[in-house]
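[1] My questions are about this predicted structure, shown below with the sequence.
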Amino acid sequence: MGTQAVVGARARERVVRSDAKRNRDAVVDALLALFREGNLAPSSAEVAERAGISSRSLFRYFADVDDLCRAAIDRHQAAVAPMLALDAAPGAPLVRRIEALVEQRQRLFDAIGAVGAVSRLRAPFQPLIAEELTRGRAYLRHQARRLFAPELAALSTDEAAAVLAAVDVLCSFEAHQLLRYDQSLSRPRRSAALTTALTALLREAS
């Protein structure tokens, strides 16, 4: 094969790869859009239609629906990662630390939204998603432990573990969903409920 033919072949390969990446991204975007609209289990046909491709070509880019779902969750996690930042240090007044944690969790969980619900639905059947959830929960628990270290240090080991477990549950995605959807609380009322509970728990602990 001559030099020009090789260059031409490589150029065509780059175009094919570029088209594949663009279509793959479009499929992931389509799935995330359907999740946000409340369709937590869209069919492959619905995803393909939203992405503007045929149902048959959908699986040129993903091994199966589970593979697509993992890619969508990974993309969404990367997008919300900056919201993990916490605007308070362990040395700040307790009221400020509680305020910062409540604000961070409300902002984070509102952004996670339907993708968080989907990941929890699929975790029992997809080990990789289950591992990601476990890792994410451990990070948030560690964040709370560090933030309230002064209060926890004043307790016995068992008492500190119990208080941290209660803080972890109060500030979890699942609690957020219950307050928002089951109890239909607005964001200010959710924040007030969490602030009241955390204040009572941590002031009593200290």
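    Thanks, I have it.
[2] Identify the residues contacting stretch 94-107?
    Outside stretch 94-107, the residues within contact range by C-beta atoms under 8 Å, 6 or more residues apart in numbering are 83-90, 92, 140, 143-144, 147-148, 151, 171, 176, 187, 190-191, 194-195, 198-199, 202-203, 206. (Each C-beta comes from the backbone N, C-alpha and C, glycine too.)
[3] pLDDT at residue 8, what is it?
    Looking at residue 8, its pLDDT reads 48.
[4] same question, residue 130
    89.
[5] Please list only the buried members of the contacts of stretch 94-107.
    By neighbour count, with 16 or more other C-beta atoms under 10 Å, the contacts of stretch 94-107 hold 86, 88, 140, 143-144, 147-148, 151, 171, 176, 190-191, 194-195, 198, 202 as buried.
[6] Tell me the helix or strand right after the lowest-mean-pLDDT helix or strand in the chain.
    For the chain, counting by mean pLDDT, DSSP states H and E, helix 3-36 ranks last in confidence among helices and strands (a mean of 69). Downstream of helix 3-36, the next assigned helix or strand under DSSP states H and E is helix 44-51.
[7] Counting by contacts, list what that next one packs against.
    Helices and strands touching helix 44-51, as assessed by 3 or more C-beta pairs under 8 Å, 6 or more residues apart in numbering; DSSP states H and E, comprise helix 3-36, helix 55-61.
[8] Find the residue ranges of this structure scoring beneath the pLDDT cut-off.
    1-19, 205-206 (pLDDT under 70).
[9] which residues are contacting the strand or helix carrying residue 132?
    According to DSSP H and E, residue 132 maps onto helix 127-147. Residues from elsewhere that reach helix 127-147 (C-beta under 8 Å, 6+ apart): 69-70, 73, 77, 84, 86, 88, 90, 97, 100-101, 105, 119-120, 122-124, 152, 164, 167-168, 171-172.
[10] One more pass at 7 Å, please.
    When contacts are defined by C-beta atoms under 7 Å, 6 or more residues apart in numbering, helix 127-147 is touched by residues 70, 73, 86, 88, 90, 97, 101, 119-120, 122-123, 152, 164, 167-168, 171.
[11] that older thread, any idea which of the buried ones among the contacts of stretch 94-107 is closest to residue 53?
    For the buried ones among the contacts of stretch 94-107, the residue nearest residue 53 by C-beta to C-beta is residue 176; the value is 34.7 Å.
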